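K.L.:
Fold the following and give me the result.
(2 chains)
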Amino acid sequence: EDQVTQSPEALRLQEGESSSLNCSYTVSGLRGLFWYRQDPGKGPEFLFTLYSAGEEKEKERLKATLTKKESFLHITAPKPEDSATYLCAPGGSQGNLIFGKGTKLSVKP
Amino acid sequence: DSGVTQTPKHLITATGQRVTLRCSPRSGDLSVYWYQQSLDQGLQFLIQYYNGEERAKGNILERFSAQQFPDLHSELNLSSLELGDSALYFCASSVERLPGPLHFGNGTRLTVT
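P.N.:
This next block holds a predicted model:
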């Protein structure tokens, strides 16, 4: 059975304090690993797609990396506006994305 | 703005009733996905349509059904509603049939009383 686990469930950082979020997955026929950001009351917003182990993508203070079993979202010197829930979603062989429950990030000034 | 439009934004109804949620995908996108998000379950995949045809099915209850019309908009029908159906329902669209970046609408919040 396809499974996705994100850790930690919640993370509180001070502004400027870098950290990493983890996404562990077991998915047969993996077709890409997707990261999303979700703000309260809004739909998930696409951030990155990773397709192969060793691949990295960057966007502003965020960098996503991929191994065969895990993906990491590194946040460098975060700002309060980075506060959101970050969702990881491997693409399954059925043609859908399988979402983890997310990491809720709070960045305090 | 993702370009995906969902209506209505909020829906309050009673148990046993039937509702229809509507989704207009981004211009040019052929795939439409429906997801349910509740507090304890996260985003659960319900069903995918590609260019009018059903392509993949997730944990969609028999009381729920969906379709995609020739103009590519989609509707999700929920019937015999139960309290546990209260959730956020998201529609997403993408250009491709296979997994690619999905672009989500802002959802319909359904409350069943």
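K.L.:
Only C-alpha atoms from now on, for both contacts and neighbour counts.
P.N.:
Will do.
K.L.:
Near chain B, which residues of chain A are found?
P.N.:
Counting by CA under 8 Å from any CA of the partner chain, chain A comes close to chain B at A:31-32, A:34, A:41-46, A:49, A:91-92, A:94-102.
K.L.:
What subset of those is buried?
P.N.:
The neighbour count (16 or more other CA atoms under 10 Å in any protein chain shown) marks A:31-32, A:34, A:43-46, A:49, A:91-92, A:94-102 as buried among these.
K.L.:
what number of residues lie near residue 72?
P.N.:
No chain specified, so I'll use chain A. Around A:F72 there are 20 other residues, counting by other CA atoms under 10 Å in any protein chain shown.
K.L.:
That was the other one, I meant chain B.
P.N.:
Applying other CA under 10 Å, we find 22 residues neighbouring B:L72.
K.L.:
next one: A:L62
P.N.:
A:L62 has 17 neighbours, counted by other CA under 10 Å.
K.L.:
contacting residues for it?
P.N.:
Counting by CA atoms under 8 Å, 6 or more residues apart in numbering or on different chains, A:L62 touches A:73-76.
K.L.:
State the distance from the closest residue to B:T20 other than its chain neighbours to A:N96.
P.N.:
Closest residue in space to B:T20, ignoring its immediate chain neighbours: B:N77 at 4.5 Å, by CA to CA, 6 or more residues apart in numbering or on different chains. Distance of B:N77 to A:N96, computed by CA to CA, to the nearest Å: 20 Å.
K.L.:
leaving aside the residues next to it on the chain, what's closest to residue 90?
P.N.:
Because you didn't say which chain, this covers chain A. Nearest to A:P90 is A:L33, by CA to CA, 6+ apart, at 4.2 Å.
K.L.:
sorry, should have said chain B
P.N.:
B:G107 (4.4 Å).
K.L.:
and the residue nearest to A:P90, what is it in contact with?
P.N.:
A:49-51, A:66, A:71, A:88-91.
K.L.:
at 6 Å what do you get?
P.N.:
A:49-50, A:89-91 (CA atoms under 6 Å, 6 or more residues apart in numbering or on different chains).
K.L.:
Now tabulate the residues you listed in a markdown table and tack on secondary structure and distance to B:I12.
P.N.:
Shown next, in a markdown table, are the contacts of A:L33 (DSSP: H, G, I helix; E, B strand; the rest coil; distance: CA to CA, whole Å):
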| residue | secondary structure | distance to B:I12 |
| --- | --- | --- |
| A:T49 | strand | 36 |
| A:L50 | strand | 39 |
| A:A89 | strand | 30 |
| A:P90 | strand | 33 |
| A:G91 | strand | 33 |
